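Asker: take a look and give me a structure for this.
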Amino acid sequence: MMLFKRIPKKMIFIFIGDIFLIKIAQRLNYYMLQRYFYNNIPDLSTRIFTVLIFVFTYYIFDLYDPERNFNSIRYFTKFLCALIVASIVQSVGFYLFFFTQYSRSIFLLNIIGIGFWTYSWRLFLNRFYKRLMPVRKIVIVGAGRAAKTIYNILKGNTNYKIIGFLDDDDEKIGTKIDSVPVIGNMHLIPEIIERQEANIIVLAITYQKKPELFRYM
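Answerer: Next up is the predicted model:
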């Protein structure tokens, strides 16, 4: 029970939605190609096999991580790879274990149908959660190694938006870390909180912390 509570709800929704939508996609595909199958409609065991193969492959490819950016090219590429691998395993499994001779079109339609429904489900959930849970705006104090490390950890998380970096080093002001600017020194913290509605201030200074800095925290 404790383990179940630790699983993010978004991950559970993605998983359950995948099972449901894969079954729907199969039904639609079989209906569209029924004339090629005559009466040879896949039975319950082959349908369950398909669901298990796709869900397990998605899991192996880490497609159930709720913190991933579903809109990114990297995620979409992984998603396509998972679809292709799952379809190959499905087709081999059908021929080896079920001795089923289906049209090749069903496997192509599975890639298109299952891929469309399950990816659309992720995009829908992403939008839903963004409306339900507004993105938290972050300001990182510091523009050194620690700040870059924190940025690399947070940049792929769609729940956060990094507004910018603050640093008292005049040479760093106006530069960028990746695409995020170093917008000024730490005295801008109150102004940024008020004008840009920053929710979180992250301290990324590992040495020589000024006493006045903590007045802004």
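Asker: grab the nearest non-local neighbour of Tyr82.
Answerer: Not quite, residue 82 is Ala, not Tyr. Nearest residue to Ala82 in three dimensions, chain neighbours excluded: Phe61, at 4.0 Å (Cβ to Cβ, 6 or more residues apart in numbering). From N, CA and C alone the C-beta is placed, and that goes for glycine too.
Asker: can you name the residues that contact that neighbour?
Answerer: Applying Cβ atoms under 8 Å, 6 or more residues apart in numbering, we find Phe61 in contact with Lys78, Phe79, Cys81, Ala82, Val85.
Asker: swap the cut-off to 10 Å and go again
Answerer: Residues near Phe61 by Cβ atoms under 10 Å, 6 or more residues apart in numbering: Tyr75, Lys78, Phe79, Leu80, Cys81, Ala82, Leu83, Val85, Ala86.
Asker: look up phi and psi at it.
Answerer: As for Phe61, its main-chain torsions (degrees, to the nearest 10) stand at phi -90, psi 10.
Asker: cool, Pro8 as well?
Answerer: Dihedral angles phi and psi of Pro8 (degrees, to the nearest 10) take the values phi -60, psi 140.
Asker: would you map the helices across the protein?
Answerer: 2-6, 9-32, 34-37, 44-60, 73-93, 105-132, 145-154, 189-195 (DSSP state H).
Asker: where does this protein have low pLDDT?
Answerer: Applying pLDDT under 70 to the chain flags the ranges 1-6, 33-43, 98-105, 206-217.
Asker: from Thr118, how far off is the residue nearest the centre of the chain?
Answerer: What sits nearest the mean C-alpha location of the chain, by Cα atoms, centre = their mean, is Arg68, with 2.6 Å. Relative to Thr118, Arg68 is positioned 14 Å away (Cβ to Cβ, to the nearest Å).
Asker: nearest to Asp168, of the helices of the chain?
Answerer: Closest to Asp168 of these, according to Cβ to Cβ: helix 189-195, at 11.7 Å.
Asker: could you list every helix and strand in contact with that closest one?
Answerer: Packing partners of helix 189-195 (3 or more Cβ pairs under 10 Å, 6 or more residues apart in numbering; DSSP states H and E): strand 136-141, strand 160-166, strand 180-184, strand 200-203.
Asker: so which elements touch the first one?
Answerer: Right, the one you point to is strand 136-141. If you count contacts as 3+ Cβ pairs under 10 Å, 6+ apart, strand 136-141 packs onto helix 145-154, strand 160-166, strand 180-184, helix 189-195, strand 200-203.
Asker: and of the ones you listed, who's closest to Leu132?
Answerer: Nearest to Leu132 among the helices and strands packed on strand 136-141 is strand 160-166; the distance by Cβ to Cβ comes to 15.4 Å.
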